[in-house]
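> Predicted coordinates and the sequence they were generated for:
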Amino acid sequence: MLYRKYTVQAIAQEIGFNNSEAFSKAFYKKTGIYPSYFIKKLEKQKNGKANQSSR
């Protein structure tokens, strides 16, 4: 998976939200988690896979 480091604010603006709060609420309503938590989860998975591949 290709992964780029984006902020919640950058993602919100990129997809047409006026602010990150509105995006976060919509993301939470749809997924049940906040985007900041989702990003942290992705980073954790990415770091875990990087560590496994270096063994």
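Happy to help now that I have it.
> so who does residue 36 touch?
Residues in contact with residue 36 (Cβ atoms under 8 Å, 6 or more residues apart in numbering) are 8, 24. Where C-beta positions appear, they are placed from N, C-alpha and C, glycine not excepted.
> give me the element it is part of.
Per DSSP states H and E: residue 36 is located in helix 35-53.
> Equivalent analysis for residue 29, please.
Going by DSSP H and E, residue 29 is in helix 20-31.
> If I take that helix and helix 35-53, what angle do their directions form?
70 degrees (axes from the mean of the first three to the mean of the last three Cα atoms, to 10 degrees).
> Could you check helix 20-31 and say which residues are buried?
20, 23, 24, 27 (16 or more other Cβ atoms under 10 Å).
> what residue is smack in the middle of this structure?
residue 39 (3.0 Å; Cα atoms, centre = their mean).
> tell me the contacts of that residue?
Going by Cβ under 8 Å, 6+ apart, residue 39 touches 6, 8.
> could you redo the last one with a cut-off of 10 Å?
Contacts for residue 39 (Cβ atoms under 10 Å, 6 or more residues apart in numbering) come out as 3, 5, 6, 7, 8, 11.
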